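# Please find the sequence and the predicted model below.
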Amino acid sequence: MSLYHLLDHPDLDDPLMIMALDAWVDAGSAATSAASLLSEGATTVAGIDADGLYDYRSRRPTLRIVDGRPVELEWPELAVVHRRFKERDALILTGPEPDYRWRELADELVLMAQDLGITEWLTLGAIPAAVPHTRPVPVLGIESRTGLLRGGVEPGPKGSMKVPAAAVSVVDVAMARAGIPTVGYFAQVPHYVSGEYPAAAVALIRAVERHLGEKVTTAVLELEARGIDARLDVAAAADDSTKSYIARLEEMVDEARLPSGDELIGEIERFLRDRGPGSGPIH
């Protein structure tokens with residue numbers, strides 16, 4: 001049986017599919033926050049069988065109890081919603097990263113994309129990186145062929161590397177192999193930050209705006225981002241090693257020099273060593 005089921009098949013104009021899943025490449029909840037904002041006013045067009053994809057012991061449904069009476073269960077789910085922009089239709093697939101059947105899901109999503117006539121697949125993600133919160137959020141791109149990325153976003157990182165894959169990566173590869181143009185925008189979140197990081201969500205929305213040629217209102221996210229940056233400034237000012245570390249990151253950014261992988265690892269290790277054992281992210 002198919003993992004997906006179409007609830008509606010709207011008449012679509014050059015439809016773009018946007019995918020954002022939580023967990024592995026959703027640092028600071030940036031990708032799913034961006035997808036949630038993009039989904040405002042959207043209508044659901046497809047559902048995906050969750051029972052075959054999730055371990056409910058690790059992603060337990062939420063039970064709502066009122067006056068001692070269980071009244072509602074909220075289950076983890078993947079859904080596809082439709083939103084019309086001025087010049088183009090967008091479908092947005094978001095939800096928790098599945099625990100099981102990644103390859104099967106990717107194949108099913110290819111079939112769904114073909115059913116809906118998807119002309120381009122766009123993935124949103126966010127990764128922790130050695131970048132300062134005091135500078136604009138950097139965004140890296142991926143593309144299935146040269147020339148798909150827009151808005152000045154460069155593919156990267158340069159060179160060859162191996163990293164643990166996310167479910168979105170499995171889907172990206174399947175789409176590209178099926179001949180569907182595939183791009184991705186990945187915000188870099190300061191690794192010393194814990195919790196949500198709305199500044200990265202705003203950066204991803206801006207990337208989508210440039211890709212679509214549309215404007216999306218982000219006033220609430222921007223207000224939240226300014227508040228978090230202010231708290232980070234206070235926390236960093238109170239710790240000399242953190243302040244010195246952020247200054248080194250700022251210097252690399254201001255010199256427009258992208259650090260190598262070894263430099264990134266070295267900066268993170270130096271930061272943790274200077275802060276002492278047991279030190280965690282700053283808030």
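That came through fine. Numbers count the residues shown, from 1 in each chain.
# hang on, isn't residue 49 packed against residue 4?
Yes - the pair residue 49 and residue 4 passes the contact test of C-beta atoms under 8 Å, sitting 7.4 Å apart. From N, CA and C alone the C-beta is placed, and that goes for glycine too.
# Spell out which residues are contacts of both of those two.
Common contacts of residue 49 and residue 4 (C-beta atoms under 8 Å, 6 or more residues apart in numbering): none found.
# Can you tell me how far residue 86 is from residue 170?
Spatial separation of residue 86 from residue 170 under the definition C-beta to C-beta, to the nearest Å is 32 Å.
# When these two are compared, which one has more neighbours?
The residue with more neighbours, out of residue 86 and residue 170, is residue 170; 17 against 8, by other C-beta atoms under 10 Å.
# For the more buried one, what are phi and psi?
In this entry, residue 170 is assigned phi and psi values of phi -60, psi -40 (degrees, to the nearest 10).
# Distance-wise, check residue 85 relative to residue 34.
With distances defined as C-beta to C-beta, the gap from residue 85 to residue 34 amounts to 15 Å.
# Looking at those two, which is more packed in?
A direct count of neighbours by other C-beta under 10 Å for residue 85 and residue 34 places residue 34 higher, at 33 against 17.
# Verify the contact between the more buried one and residue 209 for me.
No - using C-beta under 8 Å, residue 34 is not in contact with residue 209; the gap is 10.6 Å.
# buried residues in stretch 51-60?
Within stretch 51-60, the residues scored as buried using 16 or more other C-beta atoms under 10 Å are 53-54, 59.
# So for that stretch, mean pLDDT?
Within the predicted structure, the mean pLDDT of stretch 51-60 is 94.
# who's in contact with residue 140?
If you count contacts by C-beta under 8 Å, 6+ apart, residue 140 has them with 153-157, 185-186, 188.
# does residue 21 have beta-bridge partners, and which?
When bridges are called by DSSP bridges, residue 21 pairs up with residue 95.
# how about the strands of the stretch 151-283 of the chain, start to end?
Secondary structure of the stretch 151-283 of the chain by DSSP state E, counting those that start in this stretch: the strands cover 182-190.
# For stretch 79-90, buried residues please.
With burial defined by 16+ other C-beta under 10 Å, the residues of stretch 79-90 counted as buried are 79-83, 85, 88-90.
# Export those residues as JSON lines, with columns for pLDDT and secondary structure.
Listed next are the buried residues of stretch 79-90 as JSON lines, based on pLDDT from 0 to 100; DSSP: H, G, I helix; E, B strand; the rest coil:
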{"residue": "79", "pLDDT": "93", "secondary structure": "strand"}
{"residue": "80", "pLDDT": "97", "secondary structure": "strand"}
{"residue": "81", "pLDDT": "97", "secondary structure": "strand"}
{"residue": "82", "pLDDT": "97", "secondary structure": "strand"}
{"residue": "83", "pLDDT": "95", "secondary structure": "strand"}
{"residue": "85", "pLDDT": "90", "secondary structure": "coil"}
{"residue": "88", "pLDDT": "91", "secondary structure": "coil"}
{"residue": "89", "pLDDT": "95", "secondary structure": "strand"}
{"residue": "90", "pLDDT": "96", "secondary structure": "strand"}
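# Include distance to residue 218 when you put those into TSV, please.
Output for those, formatted as TSV (distance: C-beta to C-beta, whole Å):
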residue	distance to residue 218
79	23
80	23
81	19
82	21
83	15
85	15
88	19
89	21
90	16
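# Which single one of the residues you listed is nearest to residue 26?
Residue 26 has its nearest neighbour among those in residue 79, at 16.6 Å by C-beta to C-beta.
# And for the nearest residue to residue 207 once chain neighbours are set aside, the neighbour number?
Nearest-residue entry for residue 207: residue 185, 4.1 Å, with adjacent residues in sequence omitted and distances by C-beta to C-beta, 6 or more residues apart in numbering. A count of nearby residues for residue 185, using other C-beta under 10 Å, gives 28.
# same check, this time on residue 150
The tally of other residues near residue 150 (other C-beta under 10 Å) stands at 17.
# now residue 8
Other residues within reach of residue 8, judged by other C-beta under 10 Å, total 10.
# Next one, pLDDT for it please.
Taking residue 8 on its own, its pLDDT is 87.
# same question, residue 158
According to the predicted model, the pLDDT of residue 158 comes to 80.
# For residue 33, see how far away it is.
Distance, residue 158 to residue 33, using C-beta to C-beta: 28 Å.
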